[in-house]
Structures are given as structure tokens and as C-alpha cells.
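Chemist: can't give you the sequence, but here's the structure:
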Ligand SMILES: Cc1ncc(COP(=O)(O)OP(=O)(O)O)c(N)n1
Ligand SMILES: Cc1ncsc1CCOP(=O)(O)O
Ligand SMILES: [Mg+2]
């Protein structure tokens, strides 16, 4: 049972780490999932067979927990497997094609890095949320483009959830929420923590959820 509310999404947007063993991935995700509002499947090292296997394994777990599953990079795979949505970066395809394939109810996110103008264009093309970052040095993606907190306020008028990503820890989470983030997208802050479920709960608490 998901602890987070389903309307006006706010809270922890959990993203999977690159784990090759599907059973191990499930074992890592299961205890933290109840603290998440959304979940993203991201594995930059998996081939398409493993990605398919891992999404198919995660989907029933997410459905049982009431947490939407969003697929990184590949909207066609998300549509084929019946995932709840897709997340696209600037090199990951055309947003309006993804929207057409996934349907009007799907969650469709766009990486907007440090640009409110990019976010405006993404929403016009069908994105239902916009993501900014990296706000802090990211252990997962050390070469990620850098964003400043002010972009979260600049994007407030778009009227879609604003996601913050990059090096977010339980300690720095509240300053992003105060700057306007609706969801905090996190990999290492949860999955590399000594106590992942406690860390996940701490992000949720940053929203007073
Ligand atoms: C919620 C969220 N925000 C940003 C990203 C990064 O997307 P992208 O720039 O395409 O980089 P990769 O994740 O593909 O390395 C994301 N995945 N999720
Ligand atoms: C995919 C991505 N895009 C910008 S930073 C990042 C990785 C986020 O991972 P972490 O929470 O470990 O910094
Ligand atoms: Mg991408």
C-alpha cells in the first residue's frame, strides 16, 4: 500500500540503480517502494532484453503498491509493456510522438536541465511534468549538467509538477522543496544509504507527508 497521496503528486520520485540481477533489483526496491510517490525504471547498462525483463518484474510490484512506474529513455517500450509513463531527455525521442503512443493519461516527463524555456516547450509538446537538475554533485551521474534552484520558481507558472534531480540527500532535500520542487528524484540517496527505507522515509518527510 502506497503511503503517498495520488492526486497533485508530491514526494519521493524513486529511480532504480543499475542492477544486473532482477531478483536483487526487486529485493532492493520492495522495502523502499511504499515511501515513493512515483518510481522510474532506469538502467543505463542493461540491454533491451534485460530492460524488458526488469520492467515486467517491477510492474506487478508497483501496481500492488499503488506507485506508477515510469520508464526512462524508451517510450515505445513503456507503451508496449503497459507502464504508466516514460521519461525523455533531449536525445531520447520526440515528446509529441511519445504522448500519442502512450495516450492522454500517461505520465510523460522531460529533462529540462536548467532551462524554464525548454520546460515551456516540453509542456507544449505533451509533457505532464518537467525535471530540472543536477542541483548537487551526483554520485550516479558526475558529468550531469548543473542547475540553479531559481529555475524551479521560474517554471512555477507552467502548472505541471516540477521534479528536481541530482545529488539530492535527506539533508539538502528541504531547500529544494522550499524552492518549489514537487517531487525529488533520487537514486544514490536511497539505494546507497546504509538504511534505504529510513532514507526514503526522510525524503517523504521533507514534504511533511
Ligand atoms: C526525473 C528525471 N529527471 C532527469 C533525468 C535525466 O534524463 P536524461 O537527461 O535523459 O539522462 P539519463 O537519465 O537518460 O542518463 C531522469 N532520468 N529522470
Ligand atoms: C539521471 C540524472 N540526471 C541528472 S543527475 C542524475 C542522477 C541522479 O542520481 P543521484 O540521486 O544518485 O544523484
Ligand atoms: Mg535519457
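Modeler: All right, it came through fine. Everything numeric in this text was worked out from a predicted model, so none of it was measured. Ligands and ions are numbered 1, 2, ... in the order given.
Chemist: Below-threshold pLDDT in the chain: ranges please.
Modeler: Along the chain, segments meeting pLDDT under 70 span 1-7.
Chemist: C-terminal to the longest helix belonging to it, what's the next element?
Modeler: In terms of residue count, the longest helix belonging to the chain (DSSP state H) is helix 48-65. Note on helix 48-65: by DSSP states H and E, the next helix or strand toward the C-terminus is strand 69-72.
Chemist: Okay, buried residues for the helix or strand following that following strand please.
Modeler: For strand 69-72, the following helix or strand on the C-terminal side (DSSP H and E) is helix 75-81. Buried residues in helix 75-81, counted by 16 or more other CB atoms under 10 Å: 75, 77-79, 81. Backbone N, C-alpha and C define where each C-beta goes, glycine included.
Chemist: Next to ligand 1, which bits of this structure? Give me the list.
Modeler: 13, 40, 42, 44, 72-73, 87, 89, 92, 109, 111, 131, 163, 165, 185 (CB under 6 Å from any ligand atom).
Chemist: which of those residues come close to ligand 2?
Modeler: residue 165.
Chemist: Nearest residue to the residue of the chain found nearest ligand 3 in space, please, no chain neighbours.
Modeler: Evaluated by CB to the ion, the chain has residue 89 as its residue closest to ligand 3, separated by 3.3 Å. Leaving aside its chain neighbours, residue 89 sits nearest to residue 111 (4.1 Å; criterion: CB to CB, 6 or more residues apart in numbering).
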